[in-house]
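my questions are about this predicted structure, shown below with the sequence.
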Amino acid sequence: MKIEKIVIFIIILITLIFSGCQEEYFAKLDKVEPLLVVQGMITNQPGPYLISLSLSWRFQEPPVFNALSGAIVSISANDATNVNLVELSPGSYYTPAGFIGEVGKEYTLQILTPDGHKYTSSPQEILPPLNIDSIYGTKSEKVFYRPSSVSNTLFATNVPGAYAFINTSNSDNNSSRFRFASELYVQYGVPISDTAVDNCWIKKPITGFQPTDLGFFSNLDGASQEVGFVPLLSNGIPFLGFPPSLLYDQVRVIINKVLTLNEESYNFHKAKNDQLNSAGRILDPIAAQLPGNIQCISDPDKLTLGFFEACAETILTYRVITTLTQQTVDIIHLPAMNNIPNEGCLTNQYPPFWVN
């Protein structure tokens, strides 16, 4: 009994010692002033192009979009031409009608902020567009994860569908890097009465469901790049962010924008992907400021965030057709559908872009 009391006393004493050593620690963080954040891109496709200017928020404050209004923004080329952008909404600056980037030219973004600071980007050359040799599809399955309605458990679901691939080649050794953005356009009809039908469509980005949005041309035979996945059945569409009530889907179209990158742009997007794909593993990259190309020339020590990009753009639009019994996928090329509304419905009539 005496030994038991001694053991209990020792445990209590150790507990008091360690609890007495606990002390709250509040990290002292430098209050960094808001930084200029620049986002924008021009291509060799018709504009207008958007340059977005905003200010970052302090770490100690809740995140909020602080548009920077009242700046003077222009884009100059290495042939001495220059265009001034117009602010159509707070922080959103657009190029004038008729301005299109040209392959082979270098473009520089210039900004004068209301506080008098001058910023400039490094010159960005538009490299030749990537040659798309072929587009093909294969029937397969893709694994998606759906959350449980009663717990935090994720359930794996094999969704049957079609993968879309492109085979590429480059006409110039410098234009071998590229990235792509994919959208899925779903067109469907909903009967609303015996004599009326709503012809509806929804278009959503699906690039986020790909392993990566970057590609690099390879001379290896059969080298290809996955650029999209189309669920075969209606109940697979919600896994791509479409509403679950979409039960009448009839036509599925993939819209690919393939962008040729110079080395600086490629490095920026690769660093972005590396950080976004970080899973907390020991060899994952440490989160750090992305390698932007904007600098303050009136105060070189002033930090700036963001990237101004200039690249050649190739738009691919094609319908993907397959059935449960088919083992092949048909790809039907269509005119470019990159400038259609994201969603809508028309009763008893078709929009100009309707796929018959």
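That came in fine, so what should we check first?

so for stretch 33-48, what gets flagged as buried?
35-45, 47-48 (16 or more other CB atoms under 10 Å). Yep, even glycine has a C-beta here, placed from its N, CA and C like the rest.

now swap in stretch 267-275 and tell me
Quick answer for stretch 267-275 (16+ other CB under 10 Å): 268, 269, 270, 271.

got phi/psi on the second one?
So the one you mean is residue 269. phi -70, psi -30 (degrees, to the nearest 10).

which residues touch it?
Counting by CB atoms under 8 Å, 6 or more residues apart in numbering, residue 269 touches 179, 213, 214, 261.

farthest-apart pair in those residues, please.
For the contacts of residue 269, the maximum inter-member distance is 10.9 Å, found between 213 and 261 (CB to CB).

domains for the chain, by residue range?
36-128+263-312, 131-260+313-347 (automatic domain parsing).

mind checking which of these is nearest residue 353?
Closest to residue 353 of these is domain 131-260+313-347 (CB to CB; 4.9 Å).

now do that closest one, average pLDDT.
For domain 131-260+313-347, mean pLDDT is 82.

also stretch 96-103?
For stretch 96-103, the mean confidence score works out to 93.

and the end-to-end length of it?
The first and last residues of stretch 96-103 sit 19 Å apart, counting by CA to CA, to the nearest Å.

could you confirm residue 272 falls within a helix?
Yes. Assignment of residue 272 by DSSP: H, G, I helix; E, B strand; the rest coil places it within a helix.

helix, strand or coil: sort out the closest residue to it other than its chain neighbours for me.
Excluding the flanking residues, the one nearest residue 272 by CB to CB, 6 or more residues apart in numbering is residue 290, at 5.8 Å. Taken by three-state DSSP, the conformation at residue 290 corresponds to coil.

who's in contact with residue 290?
Taking CB under 8 Å, 6+ apart as the test, what residue 290 contacts is 268, 271, 272, 275, 305, 307.

sorry, back to before: which of residue 213 and residue 261 has more neighbours?
Taking neighbours as other CB atoms under 10 Å, residue 213 and residue 261 compare with residue 261 leading, 26 against 17.

tell me what the more buried one is bridged to.
Beta-bridge partners of residue 261, counted by DSSP bridges, are residue 177.

dig out what residue 84 forms beta bridges with.
Bridge pairing for residue 84 - DSSP bridges - gives residue 74.

and the one 10 residues further on, by the same measure?
When bridges are called by DSSP bridges, residue 94 pairs up with residue 50, residue 86.

tell me how far it lies from residue 44.
17 Å (CB to CB, to the nearest Å).

still on that earlier bit, narrow the contacts of residue 269 to those in strands?
179, 214, 261 (DSSP state E).

tell me the contacts of the last one?
If I follow you right, that is residue 261. Neighbouring residues of residue 261 by CB under 8 Å, 6+ apart: 127, 177, 178, 179, 269, 311.

from residue 41, how far off is the fifth one?
Looking back up the chat, that one is residue 269. 11 Å.

residue 230: which of the contacts of residue 290 is nearest?
Using CB to CB, these come closest to residue 230 at residue 272, 26.0 Å.

tell me the confidence at that closest one?
For residue 272, pLDDT reads 80.

for residue 159, what are its contacts?
141, 142, 143, 144, 231, 232, 233, 236, 239.

and residue 236, which of the three is it?
Applying three-state DSSP: residue 236 is helix.

show me what contacts it?
144, 159, 160, 161.

which element is the second one on?
Assigned by DSSP states H and E, residue 159 belongs to strand 154-169.

sheet-wise, list the partners of that strand with their directions.
strand 131-147 (antiparallel), strand 225-231 (antiparallel).

looking at those strands, which is closest to residue 197?
Comparing those by CB to CB, strand 225-231 comes nearest, at 23.5 Å.

quick check: bridge partners of residue 156?
Residues in a beta bridge with residue 156, per DSSP bridges, are residue 145.

ditto for residue 67
Applying DSSP bridges, one finds that residue 67 bridges with residue 54.

how many other residues sit next to it?
Count around residue 67 with other CB under 10 Å applied: 13.

follow-up on the earlier one: and the furthest pair within the contacts of residue 261?
Across those, the longest distance by CB to CB is 14.5 Å; it joins 127 and 269.

going through the contacts of residue 236, which ones are buried?
By 16+ other CB under 10 Å, these give 144, 159, 161 as buried.

from the residues you listed, which is closest to residue 297?
For the buried ones among the contacts of residue 236, the nearest to residue 297 is residue 144 (47.7 Å; CB to CB).
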